[in-house]
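Visitor: predicted model and sequence follow; I will ask about them next.
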Amino acid sequence: MKKAWDLSSNDKEMAAFRAITGEEESATAVFHSVMRKKYKDASKLDVTSHIHKTALHPFLLGVGKLLGETYVKGGYNPTLECNENENPRRFKTRITVKKDGHEKWAYSIPPLHFTVSVNDEVHDFSPELNEISSEKNAKNISRYVTKLAKRRNQILYATPEGMPSIASEIDPLLIYRESAIYTNLLVYLMIDPYKEHQNFVQQCLDAFIKMLPHVRGDRKSKHNRVTGGI
């Protein structure tokens, strides 16, 4: 991303390429982590699929939307903590619980070892993903992710009309990709250091894999990758 920002003023196309590559590599790190830790069905992830990797950030936005609305409105105020004096250093999630007029803290160690349920059922984040799609003027999550993948290829691949060029401001694209990279890396750091299988990681992985066929990213689909110019 540093190189992307350095290039943004005189080579927008190369800046975009580096930012897109950064996002895809950070998504690949998350995929490799859950696969290496042998989470259930992690092998269904395709680390070579642009659609799989493109789908990760919108999915995480949906997860964040639910957590934000649920915990903040409930007054739980979740925070991520790391004690630098501990060896080894490990993340933990602190949730504020109010009881008898007093605040008490509950910790999740490892940081994602909990489950989120809605109406007593394990949640798959479908409403939040549909909401994000609607905010992006897409009919559903499939259309939105496919649009992101096509936009990637418009930037990277030449067409019969010539080499790609970016006429608009590059900063919004770089800001979006940088946010995606840091989000992916934070998720990686909350998964990879821990030998335990964390419940929320498995819950999210189940929901993500359930979503993949609908974004045309499953391995069995002949449309597994969007290639070439648009």
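Guide: The structure has been received and is ready for your questions. Numbers count the residues shown, from 1 in each chain.
Visitor: got the contact list for Ser165?
Guide: Lys12, Glu13 (CB atoms under 8 Å, 6 or more residues apart in numbering). Every C-beta, even on glycine, is put in place using the N, C-alpha and C of the backbone.
Visitor: meant to ask about Cys82
Guide: Cys82 makes contact with Arg89, Arg90, Phe91, Lys92 under the criterion CB under 8 Å, 6+ apart.
Visitor: give me that answer again for 6 Å
Guide: Applying CB atoms under 6 Å, 6 or more residues apart in numbering, we find Cys82 in contact with Arg89, Phe91.
Visitor: what about it, distance to Phe125?
Guide: 26 Å (CB to CB, to the nearest Å).
Visitor: in the helix or strand containing Arg152, what counts as buried?
Guide: Secondary structure assignment for Arg152, by DSSP states H and E: helix 141-156. Neighbour-count burial for helix 141-156, with 16 or more other CB atoms under 10 Å as criterion, is recorded at Ile141, Ser142, Tyr144, Val145, Thr146, Leu148, Ala149, Arg152, Asn153, Ile155.
Visitor: quick check: longest helix of the chain.
Guide: Looking across the chain with DSSP state H, the single longest helix is helix 12-36.
Visitor: and the angle for it with helix 141-156?
Guide: Orientation of helix 12-36 against helix 141-156 (axes from the mean of the first three to the mean of the last three CA atoms, to 10 degrees) gives an angle of 130 degrees.
Visitor: for helix 12-36, packing partners?
Guide: Judged by 3 or more CB pairs under 6 Å, 6 or more residues apart in numbering; DSSP states H and E, helix 12-36 is in contact with helix 2-7, helix 50-67, helix 171-191.
Visitor: those: lowest mean pLDDT?
Guide: When these are compared by mean pLDDT, helix 50-67 comes last with a mean of 91.
Visitor: now for the strand ranked longest in the chain, which elements pack on it?
Guide: Scanning the chain for the longest strand, with DSSP state E as the assignment, gives strand 91-99. Applying 3+ CB pairs under 6 Å, 6+ apart, one finds that strand 91-99 makes contact with strand 79-82, strand 102-108.
Visitor: so which of the ones you listed comes closest to Ala42?
Guide: Of all those, it is strand 102-108 that lies closest to Ala42, at 21.2 Å by CB to CB.
Visitor: please name every helix or strand in contact with that closest one.
Guide: Contacts defined by 3+ CB pairs under 6 Å, 6+ apart place strand 102-108 against strand 91-99.
Visitor: what's the angle from the strand it packs on to helix 171-191?
Guide: Going by the same axes, to 10 degrees, strand 91-99 makes 90 degrees with helix 171-191.
Visitor: given strand 91-99, what are its sheet partners and their directions?
Guide: Counting by DSSP bridges, the strands paired with strand 91-99 are strand 79-82 (antiparallel), strand 102-108 (antiparallel).
Visitor: next, the buried residues of it.
Guide: Phe91, Lys92, Thr93, Arg94, Ile95.
Visitor: now flag whichever of the residues you listed is closest to Lys3.
Guide: Phe91 (28.4 Å).
Visitor: and the closest residue to that closest one other than its chain neighbours, what does it touch?
Guide: The shortest distance from Phe91 to any residue other than its chain neighbours is 4.3 Å, reached at Pro111 (CB to CB, 6 or more residues apart in numbering). Contacts for Pro111 (CB under 6 Å, 6+ apart) come out as Phe91, Lys92, Thr93, Met190.
Visitor: one more time with 8 Å
Guide: Leu80, Arg90, Phe91, Lys92, Thr93, Met190, Gln198.
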